[in-house]
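Trainee: Need coordinates for the below:
(chains A, B and C)
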Amino acid sequence: MEKTLFSEILEDVRHRAPVVHCITNYVTVNDCANVLLACGASPIMADDEDEVEDITKLSSALNLNIGTLNKRTVKSMYKAAKVANDIGIPVILDPVGAGASALRTETALNLISDIKISVIRGNMSEIRALARGYGVTRGVDANAKEVVTENNLVESIEFVKKLSEKLNAVIAATGAIDLIADAKGAYIVRNGVEMLSRITGSGCMLSALTAAFCSSNKAKNLESATASVLLMGQSGEIAYRRMIETKGGHGLFSAYLIDEIGKAEFSTFIEGMKVEFQ
Amino acid sequence: MEKTLFSEILEDVRHRAPVVHCITNYVTVNDCANVLLACGASPIMADDEDEVEDITKLSSALNLNIGTLNKRTVKSMYKAAKVANDIGIPVILDPVGAGASALRTETALNLISDIKISVIRGNMSEIRALARGYGVTRGVDANAKEVVTENNLVESIEFVKKLSEKLNAVIAATGAIDLIADAKGAYIVRNGVEMLSRITGSGCMLSALTAAFCSSNKAKNLESATASVLLMGQSGEIAYRRMIETKGGHGLFSAYLIDEIGKAEFSTFIEGMKVEFQ
Amino acid sequence: MEKTLFSEILEDVRHRAPVVHCITNYVTVNDCANVLLACGASPIMADDEDEVEDITKLSSALNLNIGTLNKRTVKSMYKAAKVANDIGIPVILDPVGAGASALRTETALNLISDIKISVIRGNMSEIRALARGYGVTRGVDANAKEVVTENNLVESIEFVKKLSEKLNAVIAATGAIDLIADAKGAYIVRNGVEMLSRITGSGCMLSALTAAFCSSNKAKNLESATASVLLMGQSGEIAYRRMIETKGGHGLFSAYLIDEIGKAEFSTFIEGMKVEFQ
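Mentor: Residues are numbered from 1 along each chain as shown, chains lettered A, B, ... in the order given. Okay, here's the model as predicted:
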């Protein structure tokens, strides 16, 4: 594994400034737009069914996020995703709250079944809800826990690899330990801080970044998703240090996080990576 | 009056991490999510009528906020509120802009009439609009002014107490002086700074916090609402001092406010309280 | 040209605290609310067709922004705009993404054709999309470029002046060089920093400010729009200096920008202006 690869993916995003079409929730949409701009991409948010096809056509990636979904925007997600599949740009799915309501779980499962999705990015609880709901995969999540720990790491890796195979998509299950897997292998990332889970939007922002990163090199969705996870984790670590130094809290941490995503540099980015492949 | 009670309510929220379902406006929804996380609660925003019942069922409080309401989400508010009443979790209503449009005033009045509401949290102008509209209460607001001052304090307290009796809900009328009342008595809070009214979302965030606090101890809605008002007021004071020290303005104040809500400590929280009961 | 005029417009906004009704996108709506509060105005966001007329009636300006537009809110824009025209308050249009989808371009063109608009504020790409679509103006944009530079300045000024005449509205085309024109002349503003284009919302916030500023003196839409451009540009410059000094990035820049809009002072505001009239 070459760590420079992840750094090159980041550099490439900055160089290409890909347009990322987001159909996303209204809670964290501002954070998603800002994080995309900070990493060098160009966000466009549009959810009316009469325009999403036009917007996807001029984009390099499509990010679907089902937080605060409603029936109007679900229709738009389908229309946009079909165009994305037709023109061959990556589709990222963030199944926010899958498992919390039947509507969310079913919407996510239907999208997975009907659309070619490049990466599914969620926490382990959401990922497990998808696995449970996806008929044939019921067997595979018997050993999956809500949270990945060093103790259940082996089974967790097995779970996400099998799920990736079933769903034909890279699975990025993020938390204290992040797993990013396809059918053949998984990256394990140990960057990040607990504070990332105490502000809203860190997951949604990560999915938006993943869309930008996957647009950079479509053949390497696994590595692109891992690069975005590494960037979020490391930026969180530095933001947390600054927060402590300036005696700040949740509010400043949010601002610093965006700061650090924008400031990430090639050399320090590689140096800070805590990543392995299994 | 034991000031420790308010501090215990805050500790309890941090300990229990209650899930708070918010059906709220898209202007300040991000602030509401972040403030809930900062105080130790767990926000979930969902407004589609096909999922709100599922979401309310797994929540410990429901926060209804009518800013940027629309016909679609008003229906969802009813569905969610009926579940909340059935399972016995507190419902908080923030009548944003009541009095500014017929739709808002009527929606708020209808919710109050159809739903058992624990706390109504608004500014005095909004609270008065509800009182005017609520047939039988017309008499009671004859002496109510738009703003509570030391000069009209006695009449204002009488007004919110009577209104609380009529509406069968705790009334939290916030401003330069905050009044939190039920039929039998009122807490008067003199914490806070004018700057809180010069950023968007301080009222909406306070209502969201109130939902989290009421979930902690359902028998004590009056004290729970007062605790959230005290937390917002004190956090505003500290945030304002930091803003002055760092030569910041509205932008940093917003970040510092979230900081301080997350950093509030038992001992200093009690020390800073400017509260009395009448 | 008296620079004090622009400063007086700002002072007047602070003195009058105009209510600005925004029907705007959910990406940057929080920024718009905060920037209006910071400059001394009073924002109200409302988009349901059953209440927009009530809300516009109590407002001093109407800000229409078509980012994340949908069919429901387009109807509301019409209803609100008709009231605004009837009661004689300024209507500002921000044609976000005009040219990116047929829906956006057509919605913007229809609004321009049906409604009396005071100021159209967009980037040059959006402004050109309107010019192209507006039948009779096709001729005038032959020489218009996507970006205004010193090299194409003369043609660009000619273009916005002619377009202003055709559309009967002040045109504010903003970018590295800002042009604010009516049929008779144009202000050229060279304030601002590139960083303003690397955060979300700087354009939307500028349009919201423009609405507040035009409410101050309806006879001087050209000067009011220029004053808001000057305020955004200068605040961006100071925010950028503070960002560098504090080793911040995109996140702190956003907070500092709101800070500086709130802190702008009469004397330094005049001193920093880089504006000429042609």
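
Trainee: and A:M232, what does it touch?
Mentor: A:192, A:196, A:202, A:205-206, A:209, A:261 (CB atoms under 8 Å, 6 or more residues apart in numbering or on different chains). Yep, even glycine has a C-beta here, placed from its N, CA and C like the rest.

Trainee: quick one: which of the residues you listed is most hemmed in?
Mentor: Compared across the contacts of A:M232, A:L209 has the highest neighbour count, 31 neighbours, by other CB atoms under 10 Å in any protein chain shown.

Trainee: check which helix or strand covers that residue.
Mentor: Using DSSP states H and E, A:L209 sits within helix A:202-216.

Trainee: so what's the nearest residue to A:G185 once chain neighbours are set aside up against?
Mentor: Setting aside the residues directly before and after it, A:G185 is nearest to A:F277 in space (CB to CB, 6 or more residues apart in numbering or on different chains), at 5.9 Å. By CB under 8 Å, 6+ apart, the contact set of A:F277 is A:1, A:185-188.

Trainee: okay if I get the residues you listed as JSON lines plus neighbour count and pLDDT?
Mentor: Formatted as JSON lines, these follow (neighbours: other CB atoms under 10 Å in any protein chain shown; pLDDT from 0 to 100):
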{"residue": "A:M1", "neighbour count": "13", "pLDDT": "70"}
{"residue": "A:G185", "neighbour count": "14", "pLDDT": "97"}
{"residue": "A:A186", "neighbour count": "28", "pLDDT": "98"}
{"residue": "A:Y187", "neighbour count": "25", "pLDDT": "98"}
{"residue": "A:I188", "neighbour count": "19", "pLDDT": "98"}
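
Trainee: nearest to chain C, of these?
Mentor: Of all those, chain C sits closest to A:Y187, with 26.5 Å by CB to the nearest CB.

Trainee: Relative to chain B, how far out is the residue lying closest to A:S156 once chain neighbours are set aside?
Mentor: Once flanking residues are discounted, A:S156 sits nearest to A:V148: 4.6 Å by CB to CB, 6+ apart. Note on A:V148: its distance to chain B, by CB to the nearest CB, to the nearest Å, is 20 Å.

Trainee: tell me, how many neighbours does A:V148 end up with?
Mentor: 24.

Trainee: what do you get for A:T56?
Mentor: The tally of other residues near A:T56 (other CB under 10 Å) stands at 29.

Trainee: first to last residue in stretch A:52-61, what's the distance?
Mentor: The first and final residues of stretch A:52-61 sit 13 Å from each other (CA to CA, to the nearest Å).

Trainee: Quick one: mean pLDDT for that stretch?
Mentor: Averaging pLDDT along stretch A:52-61 yields 97.

Trainee: As a check, name the ranges of all helices in chain A.
Mentor: Per DSSP state H, chain A has helices spanning A:3-16, A:29-39, A:52-57, A:71-87, A:102-114, A:124-133, A:153-167, A:202-216, A:221-245, A:250-263, A:266-272. These are given in chain order.

Trainee: if we can go back for a sec, gap between the residue nearest to A:G185 and chain B?
Mentor: Per CB to the nearest CB, A:F277 is found 33 Å from chain B.

Trainee: Tell me the bridge partners for that residue.
Mentor: A:Y187 (DSSP bridges).

Trainee: Between the contacts of A:M232, which sits nearest B:K116?
Mentor: A:S202 (35.9 Å; CB to CB).

Trainee: what's the distance between the nearest residue to A:K3 once chain neighbours are set aside and chain B?
Mentor: Computed as CB to CB, 6+ apart, the closest residue to A:K3 that is not its neighbour in sequence is A:I270, at 4.9 Å. For A:I270, the distance to chain B equals 30 Å [CB to the nearest CB].

Trainee: Over to A:T107?
Mentor: Using CB to the nearest CB, one gets 9 Å for the distance from A:T107 to chain B.

Trainee: if we can go back for a sec, what pLDDT is listed against the residue nearest to A:G185?
Mentor: If you check A:F277, the pLDDT there is 97.

Trainee: do stretch A:29-38 and chain B meet?
Mentor: Yes - using CB under 8 Å from any CB of the partner chain, a contact is recorded between stretch A:29-38 and chain B, made by A:30-31.

Trainee: Please name the residues that touch the residue nearest to the spatial centre of chain A.
Mentor: Chain A has A:S207 as the residue nearest its centroid, 2.7 Å off, counting by CA atoms, centre = their mean. Counting by CB under 8 Å, 6+ apart, A:S207 touches A:63, A:65, A:92-94, A:121.

Trainee: For the residues you listed, which entry has the maximal number of neighbours?
Mentor: A:I92 (34 neighbours).

Trainee: from memory that one sits against A:F213, does it?
Mentor: No - if you go by CB atoms under 8 Å, A:I92 and A:F213 don't touch, sitting 9.4 Å apart.

Trainee: Mind giving me the packing neighbours of the lowest-mean-pLDDT helix or strand in chain A?
Mentor: The helix or strand of chain A with the poorest confidence is helix A:266-272; it has a mean of 89 (mean pLDDT, DSSP states H and E). Counting contacts by 3 or more CB pairs under 8 Å, 6 or more residues apart in numbering or on different chains; DSSP states H and E, helix A:266-272 packs against helix A:3-16, helix A:221-245.

Trainee: do that again at 7 Å, thanks
Mentor: helix A:3-16 (3 or more CB pairs under 7 Å, 6 or more residues apart in numbering or on different chains; DSSP states H and E).

Trainee: just how off-centre is the helix it packs on within its chain?
Mentor: Computed by CA atoms, centre = their mean, to the nearest Å, the chain-centroid distance of helix A:3-16 equals 17 Å.

Trainee: tell me which residues of that helix are tucked away?
Mentor: Buried residues in helix A:3-16, counted by 16 or more other CB atoms under 10 Å in any protein chain shown: A:6-10, A:12-13.

Trainee: Now do the same for the residue nearest to A:A183 when sequence neighbours are not counted: its pLDDT.
Mentor: Distances taken as CB to CB, 6+ apart put A:E165 closest to A:A183, at 3.7 Å, once the chain neighbours are dropped. Looking at A:E165, its pLDDT stands at 96.

Trainee: Contacts only, for the nearest residue to A:A38 once chain neighbours are set aside.
Mentor: Nearest non-adjacent residue to A:A38, counting by CB to CB, 6+ apart: A:G262, 3.6 Å away. Contacts of A:G262 were listed using CB atoms under 7 Å, 6 or more residues apart in numbering or on different chains, and they are A:38, C:249-250.
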